[in-house]
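> Structure for this input, please:
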Amino acid sequence: MSFYLPIAEMSASIFLFLGMGAAVGFLSGMFGVGGGFLMTPLLIFSGVPAAVAVGTEAAQIVASSVSGAVAQYRRKNVDIKMGVVLLVGGIFGSIIGVQVVKLLRQIGQFELFVSLTYVTFLGIIGVLMLIESLNTIRKTQGGKVVSSRRPGQHSWIHGLPLKMRFHRSKLYISAIPVLMIGAFVGFLGAIMGVGGGFIMVPAMIYLLRVPTNVVVGTSLFQIVFVTAATTILHATQNHTVDIVLAMLLMIGGVVGAQFGAVAGEKLKGEQLRALLAGLVLLVCLRIGYGLIITPSDLYSISSVMGGH
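Predicted coordinates for the structure are as follows:
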């Protein structure tokens, strides 16, 4: 059954996007990630203009993150104070990101920029995750105890000024790196159409030394508000949010996430990270391949017109 997407200016099958939402929802439920870094490329691969894919996925992430954030808050896994500092930086970063999107669309280079950004970040993160997970699996199979750095260890971050006490995280650190992480994630969210959890979570764990149980809840808390602001900015300034498409992705995602959560319980943490790393690298390679092959339509005026 086909329908018309007015913002994307295309006809599409309703079952295609329901299935796409369910597939990414399944992976999100299995791996505990937002799935934006998978959904946005899939939307682009299916013919949705890059700018619409980014804006619409931001709207979908808001809905999918709310339930998770509420559940984490009830478990007292949200550091509200740190979340607010991350949020301040995130909104600042998203404002800049939306303006960059607007500028790149005007000069007709947005799709290229998005592809290069995805290849860069997915490639780096995928390789690092794969190396870490494979090393953990090897050590576990060898009977070695896998240890992590002690939470009390200090780094150069602890020497920065403007220190704040974050009681829920049991930390006394500078607000500067917290603001910078928030701004960077907000910027990427506006550019890539992602919640940024796949960057924020490792940064909070390894750089800020936030306890793992607090990281997920605090990250979701920040993502909800930053992606909401990003969605509003994209809708008002760039007119690239397709609500109909977002609703289909949400419905499919909710259903798929339930099955993914069940499947994820059957695998160990290092196995999940290895599978996720492989998936990230596959998406990276697919986007990279699209950059080097000869396009089917060598001549197009769509970019010149500043549209899609």
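
> Mind listing what's buried along stretch 205-223?
Residues of stretch 205-223 classed as buried under the neighbour-count rule (16 or more other C-beta atoms under 10 Å) are 205, 207-211, 214-223. From N, CA and C alone the C-beta is placed, and that goes for glycine too.

> Now, these that are in helices?
Judged by DSSP state H, the subset of the buried residues of stretch 205-223 located in helices is 205, 214-223.

> Redo those as CSV? Include distance to G21.
Below are those laid out as CSV (distance: C-beta to C-beta, whole Å):
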residue, distance to G21
I205, 29
V214, 29
V215, 26
V216, 22
G217, 24
T218, 26
S219, 22
L220, 19
F221, 23
Q222, 23
I223, 18
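
> Out of the residues you listed, flag the one nearest to G288.
I223 (26.7 Å; C-beta to C-beta).

> Quick check, that closest one in contact with V66.
No: counting by C-beta atoms under 8 Å, I223 stays clear of V66, with 9.6 Å between them.

> Against which helices or strands is the helix or strand encompassing I199 packed?
Following DSSP states H and E, one finds I199 within helix 197-206. Here helix 197-206 is seen to pack against helix 110-141, helix 175-192, helix 212-233 when contacts are counted using 3 or more C-beta pairs under 8 Å, 6 or more residues apart in numbering; DSSP states H and E.

> what comes into contact with the helix or strand that the first one is followed by?
Same thing as helix 110-141. Reading on from helix 110-141 to the C-terminus, the next helix or strand found by DSSP H and E is strand 163-166. By C-beta atoms under 8 Å, 6 or more residues apart in numbering, the surrounding residues in contact with strand 163-166 are 79, 81-82, 85, 171-175, 178.

> rerun that using 7 Å as the cut-off
For strand 163-166, the surrounding residues in contact (C-beta atoms under 7 Å, 6 or more residues apart in numbering) are 79, 81-82, 172-175.

> what do you get for stretch 274-287?
For stretch 274-287, the surrounding residues in contact (C-beta under 7 Å, 6+ apart) are 27, 31, 38, 41, 115, 118-119, 122-123, 125-126, 129-130, 133-134, 137.

> One more: stretch 15-27?
Stretch 15-27 has contacts (C-beta under 7 Å, 6+ apart) with 1, 35, 38-39, 42, 46, 245, 248-257, 259-260, 279.

> again with stretch 1-12
With contact meaning C-beta under 7 Å, 6+ apart, stretch 1-12 is reached by 13-15, 47-49, 52, 240-242, 244-245.

> so which of those residues comes closest to Q271?
Among those, and counting by C-beta to C-beta, the member closest to Q271 is F15, at 31.4 Å.

> List only buried entries from the contacts of stretch 15-27.
35, 38-39, 42, 245, 248-257, 260, 279.

> Restricted to helices, list those residues.
Using DSSP H, those in helices are 38-39, 42, 245, 248-257, 260, 279.

> Where does pLDDT dip in the protein?
Along the chain, the model assigns pLDDT under 70 to residues 28-34, 64, 67-68, 143-159, 195, 261, 264-265, 267-270, 273, 294-308.

> can you list contacts of stretch 103-118?
Outside stretch 103-118, the residues touching it (C-beta under 7 Å, 6+ apart) are 41, 50-51, 54, 101, 191-192, 238, 284, 287, 290-291, 303-304, 306.

> Name the nearest residue to L233, sequence neighbours excluded.
Spatial nearest neighbour of L233, chain neighbours left out: V98 (4.2 Å); criterion: C-beta to C-beta, 6 or more residues apart in numbering.
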